[in-house]
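Student: next input, structure requested:
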Amino acid sequence: MAPGDLPIISVGEGFAGATAALSGLWDGAELSFEVGEDGTFEAEGLDCPETYEVRVGWMRCWLEVVEAHMCTVDAVLDCGSERGDGPRASGATEADAFEARERACSVIEGACSMSFVPVVSSEGLWGEEGDWVPLRWTGVTEIRGDVCPRSDSGVRLRRSGNTSVSYVHGRGPVPADVSSACARLAASYLVPSSIPDRAVGESTDAGFLRFTLAGVDGETGIPEVDAVIQRHRRSRAVVL
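Tutor: Numbers count the residues shown, from 1 in each chain. Predicted coordinates for the structure are as follows:
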């Protein structure tokens with residue numbers, strides 16, 4: 001969620017009256033909220049950027065608070081509207097577009113190995129003292145843990161064995177081409193297709209038409225999106 005989002009979080013009516021406990025990954029802040037009869041609570045006073053562990057009864061999940069989203073919900077719904085075949089014309093709702101956007105963000109950022117807005121993450125590392133260990137994400141700006149930063153994508157361990165680190169990675173603002181690619185990819189999840197998911201091509205009067213395939217002809221199979229991913233893909237520095 002971003003500061004502009006409504007801070008209403010739904011955990012389900014089965015948790016009505018329970019306490020939602022939030023623990024900040026970066027600053028360690030502890031917050032608690034009462035879940036209402038409708039299974040929601042209003043989260044106020046959240047830091048940004050920050051990632052919170054949310055605990056409600058037996059349920060555990062993570063909540064990322066970021067400065068901004070990679071694209072707007074309206075950009076997703078209006079993608080392809082000039083042709084009349086976009087998500088809005090297909091009956092997609094804002095809730096549908098929100099979920100599709102999160103999925104598209106995950107695909108693009110994962111393929112690029114970087115975040116396009118500051119985000120707090122954590123991970124466990126293992127190795128021998130003095131080892132250089134790559135982090136999952138590049139573009140690290142701050143890090144906490146028993147390690148020595150050696151690049152924006154890796155650290156040296158100060159001791160042998162397991163250790164945990166928390167770090168802030170990513171920079172804003174979101175480039176315009178990345179924002180457009182996110183909206184395009186999210187919209188593709190919302191528009192029904194008559195082509196089977198596993199189809200590799202289609203016979204036409206002019207011959208056999210081969211489709212571009214996600215994971216084969218690029219990360220997503222959408223040329224415009226894959227071109228943006230290729231342009232912004234980050235490689236990790238290797239420190240000897």
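Student: from residue 144, how far off is the closest residue to residue 172 other than its chain neighbours?
Tutor: Using Cβ to Cβ, 6 or more residues apart in numbering and skipping residues adjacent in sequence, the residue nearest residue 172 is residue 117, 5.0 Å away. C-beta here means a position set from N, CA and C on the backbone, and glycine is covered the same way. Distance, residue 117 to residue 144, by Cβ to Cβ, to the nearest Å: 20 Å.
Student: higher neighbour count, those two?
Tutor: Between residue 117 and residue 144, residue 117 has the larger neighbour count (other Cβ atoms under 10 Å), namely 21 against 14.
Student: okay, buried residues for the helix ranked longest in the chain please.
Tutor: In the chain, assigned by DSSP state H, the helix with the most residues is helix 94-112. By 16 or more other Cβ atoms under 10 Å, the buried positions in helix 94-112 come out as 96, 97, 98, 100, 101, 104, 105, 107, 108, 109, 111, 112.
Student: wait, the last one touches residue 234, no?
Tutor: Yes. Using Cβ atoms under 8 Å, residue 112 and residue 234 qualify as a contacting pair, with a distance of 6.0 Å.
Student: just checking, residue 167 touches residue 119?
Tutor: No. Using Cβ under 8 Å, residue 167 is not in contact with residue 119, being 9.4 Å away.
Student: what do these two both touch?
Tutor: Residues touching both residue 167 and residue 119 comprise residue 137, with contact defined as Cβ atoms under 8 Å, 6 or more residues apart in numbering.
Student: what about those two, which has more around it?
Tutor: A direct count of neighbours by other Cβ under 10 Å for residue 167 and residue 119 places residue 167 higher, at 25 against 21.
Student: the closest residue to the more buried one other than its chain neighbours: neighbouring residues, count only.
Tutor: The shortest distance from residue 167 to any non-neighbouring residue, by Cβ to Cβ, 6+ apart, is to residue 143 (4.0 Å). For residue 143, the count of nearby residues is 16 (other Cβ under 10 Å).
Student: residues contacting residue 143?
Tutor: Here residue 143 is in contact with 149, 155, 165, 166, 167, 168 (Cβ under 8 Å, 6+ apart).
Student: tell me the phi and psi of it?
Tutor: For residue 143, the backbone dihedrals are phi -150, psi 140 (criterion: degrees, to the nearest 10).
Student: what's the closest of the buried residues of helix 94-112 to residue 55?
Tutor: Ranked by distance to residue 55 (Cβ to Cβ), these are led by residue 98 at 23.3 Å.
Student: so that closest one sits right up against residue 74, yeah?
Tutor: No. Residue 98 lies out of contact with residue 74 (Cβ under 8 Å); the separation is 11.1 Å.
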